[in-house]
Structures are given as structure tokens and as C-alpha cells.
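J.: I'll drop the sequence and a predicted model, then ask my questions.
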Amino acid sequence: MIKIVDIGYQFVHVGGFEISRPEGSGDYLFLYLRCPTEVFLDGAYRQLPAETYLVFDKGTPQIYRKWDAHFINDFIHFDFDTYDQYFEKLGIPFNTPFHLQNNTEIIAMTSDLLLEFFSNSKDHENVMAEKADELFHKLAELYHFSNEHSKKINDYRTALTALRQKILTRQYCPDNIEEVAGQMNMSVSYLQHLYKNFFKNSIHQDIIHARMEQASHLLVHTGHSISRIARLCGYDNTEHFSRSFKKYKGASPRTYRKNHLY
């Protein structure tokens, strides 16, 4: 059974704080950092961002600090009647920082556990143990979901980076975003969201940029008609192409060709 030793929720240390327990606290520690914090891990301090989680194993050092502003955290000190590889079975690593895609449920469950900690309800110890067990199982569920989500995002980042390189170097000139989304096997809206999030530029802007650069090259280095260049750059309507080109380059295709021919 899990036994809660101490608990804090949105606990604020005004003006900074330092914990230095080289041999641990004599129990396990679940820690949620609500602010950037320096944590001593693997022989050196690491600056961890806000919304980082840690589960410290019993008997391992608990050393962390923040001096440049208020230190805010949630914590649960706890122990077991008998430890039977509880966290190993859940798949949650000890002494390893991690983040969750959505931690709303964990925050709410921590708050609920705090209320129970200070209550005098019937069968209080068993209720605490059940609530703590539910919290850690939910933590494991969200931890594994977040890891899978991160892996997918990294895979998408690699694929979209390669795609962007092909678009910007004019190796690939898609007719529209729907074509790209189909190749990536994702919805148009999700493609647009990921692309903008990764590159701070929309895929539509990159496609237009690539088309205009390709058009510029063809105008200067070939004798193709403007209508043919428009079609080669993905435009069925020559007037639309000309308006887009002038907006992008500041001159009509005809004027641009004249000014750049030697």
C-alpha cells in the first residue's frame, strides 16, 4: 500500500529556494516543477523548463534550486509497505525529467489528494492509498501517450523538413496543399498546423515562394512564353499568375524578363 508522507500543491517559496538532500529524503518523491528549475542529475546541474515532472527513487539525491524568482512546485513524499517494482511495472523511469502533452488530470488529482491528506474521513489511509495509486496509473498512461505522440511528431518533423527542402529547391512543385496532405497521409488542417509550428512559415507561403522563384528562373533563362511559364509553375490562369508574380517580385513577368536580360 502507498503511504503519503507529505504533500504540497502550488507550493510557493518566495524569492527562491534550494533543496539539498544528497542521500534523499528517506522516501520517494514525486515532483512537478511549475517554474524553470536547476536540478542536479547525473553529476551536474541541468536547467529544466516549467511543467517538468520527476519521480525520485528512494535513497537517491534530491538536489534542486531556483534563486532568480519565486520557486513554485507540487510535491508528494510517499513510501510503500512493500515495494514490488511498482514504477517499473508502470513504466515510469526514476530520476528522469519528463513532460506530458496534457497534465490537467494530474494537477486535479494532486489537488484532490491534498484535500484528502488534511481530512479526517473514515478509512483515511486506505482512501489516500487508492487516490495515490489512481494518480500514478494516470501519470503512467499520460507518460506513455506523450512519448508516442512525441515520436510521431519527430517522424513528421523529419518528413516535413525533407518535403520543405524539395519545395524550396524546386525539386517538387505541388499543385495544391491537398496534394501534399494526401502524400503525407494527414488532413489538410493538421498538415498546415504542423508545418507552421515547425517552420514558422505556412506551407502555402513556401509553395508560392518556390513557384515565384521557379518563374523568375524560367523568365530569365528560357524563351518560354509567359503563359507556358505560368502552366509550368502550377497556374492555369495566366492573368492570375501575372498578378501573383507582380505582387511577389514588384514587376510584371514581362517587365521582370526585360530588366534581367543582358
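T.: That came through, no problem.

J.: every contact and neighbour count from this point should use C-alpha atoms.
T.: Will do.

J.: helix, strand, or coil at the residue nearest to Ala50 when sequence neighbours are not counted?
T.: Distance criterion CA to CA, 6 or more residues apart in numbering; nearest residue to Ala50, sequence neighbours excluded, is Cys35 at 4.1 Å. Counting by DSSP: H, G, I helix; E, B strand; the rest coil, the backbone at Cys35 sits in coil.

J.: now Phe40: phi and psi?
T.: Main-chain torsions, Phe40, degrees, to the nearest 10: phi -80, psi 110.

J.: for it, report the pLDDT, please.
T.: What the model reports for Phe40 is a pLDDT of 97.

J.: now do Tyr262
T.: For Tyr262, pLDDT reads 62.

J.: start at 54, not 1
T.: Renumbered: residue one is now 54, and that last one reads Tyr315.

J.: which outside residues touch stretch 295-303?
T.: Met265, Ala304, Ser305, Pro306 (CA atoms under 8 Å, 6 or more residues apart in numbering).

J.: then it to PDB, C-alphas only?
T.: Written as PDB, here are the backbone C-alpha positions of stretch 295-303 (Å, rounded to 0.1, in the frame of the first residue of the first chain):
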ATOM      1  CA  SER A 295       0.900  37.700 -63.600                       C
ATOM      2  CA  ARG A 296      -0.900  39.300 -60.600                       C
ATOM      3  CA  SER A 297       0.800  36.900 -58.200                       C
ATOM      4  CA  PHE A 298       4.200  37.400 -59.700                       C
ATOM      5  CA  LYS A 299       3.900  41.200 -59.700                       C
ATOM      6  CA  LYS A 300       2.800  41.200 -56.000                       C
ATOM      7  CA  TYR A 301       5.800  38.900 -55.200                       C
ATOM      8  CA  LYS A 302       8.500  40.500 -57.300                       C
ATOM      9  CA  GLY A 303       7.300  44.000 -57.700                       C
END
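
J.: pull out the buried positions in stretch 212-228.
T.: Of the residues in stretch 212-228, those buried by neighbour count under the rule 16 or more other CA atoms under 10 Å are Leu213, Arg217, Ile220, Leu221, Arg223, Cys226, Pro227.

J.: now tabulate those in JSON lines and tack on secondary structure.
T.: Listed next are the buried residues of stretch 212-228 as JSON lines, based on three-state DSSP:
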{"residue": "Leu213", "secondary structure": "helix"}
{"residue": "Arg217", "secondary structure": "helix"}
{"residue": "Ile220", "secondary structure": "helix"}
{"residue": "Leu221", "secondary structure": "helix"}
{"residue": "Arg223", "secondary structure": "coil"}
{"residue": "Cys226", "secondary structure": "coil"}
{"residue": "Pro227", "secondary structure": "coil"}
